[in-house]
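compute the structure for the input listed below.
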Amino acid sequence: MALWHNRSMLDRVRSMPNGVRLFVAYSLAVLGLIGLSLPGIVGLAVQAPVTGPGLVAMLLLAYTVFTLTLVLQRKRAAYWLAIGLSSLTLPLVAFFVLAEAPPYALISAALALALFVGLRTTAARGYFDQE
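Numbering: from 1, shown residues only. Got it, this is the predicted structure:
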């Protein structure tokens, strides 16, 4: 049995590099936003069983949960999935630029930069060491 199975979740979070911790917080925020959008999606499902927003939300939910699970298990495959989920910040930056909301665009750009730089560090890459 691997050593990390005997450690508590708090110890596991403490051992994470800062970039990975930021990604976990970001993915939990994405899950929260999906949860907040679910009542509207369920309302659309009353009219039609399959809708575009419903499909996108369910795909994003599945991708986020799967990626977060692999990140917490330190799987190598989680690295590229985490980079992919982090790329969702780029359309957010573009949206705020087009909506002429510079403060939000700057915050989104800073988040995107922090996620990409944080995940590309040697410590973050080394964190994903499980097969």
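
for the residue nearest the centre of the chain, helix, strand, or coil?
Closest residue to the average C-alpha location of the chain: S27 at 2.9 Å, with C-alpha atoms, centre = their mean. Following DSSP: H, G, I helix; E, B strand; the rest coil, S27 is assigned to helix.

any idea of the pLDDT on it?
S27 is assigned a predicted lDDT (pLDDT) of 95.

so how far is L61 from the closest residue to it other than its chain neighbours?
Among residues not flanking S27 along the chain, L68 sits closest, at 4.8 Å (C-beta to C-beta, 6 or more residues apart in numbering). The way it works is simple: take the backbone N, C-alpha and C, and place the C-beta from them, glycine included. Distance of L68 to L61, computed by C-beta to C-beta, to the nearest Å: 11 Å.

more neighbours: which of those two?
Legend: neighbour count by other C-beta atoms under 10 Å for L68 and L61, higher for L68 (21 against 16).

and that one, what does it touch?
Residues counted as contacts of L68 (C-beta atoms under 8 Å, 6 or more residues apart in numbering) are V24, S27, L28, L31.

low-confidence stretches in this structure?
Scanning the chain with the threshold set as pLDDT under 70 gives 1-7.

off-centre distance for the host helix or strand of G43?
According to DSSP states H and E, G43 maps onto helix 18-47. From the chain centre to the centre of helix 18-47 is a distance of 9 Å (C-alpha atoms, centre = their mean, to the nearest Å).

report the buried residues of that helix.
G19, V20, L22, F23, V24, Y26, S27, V30, I34, S37, I41 (16 or more other C-beta atoms under 10 Å).

now do stretch 70-82
L70, V71, R74, K75, A78, Y79, L81, A82.

quick one, phi/psi of the fifth one?
So the one you mean is A78. Per-residue torsions, A78: phi -70, psi -30 (degrees, to the nearest 10).

my read: it touches T67, true?
Yes. Using C-beta atoms under 8 Å, A78 makes contact with T67 at a distance of 6.4 Å.

no further queries at this time; thank you.
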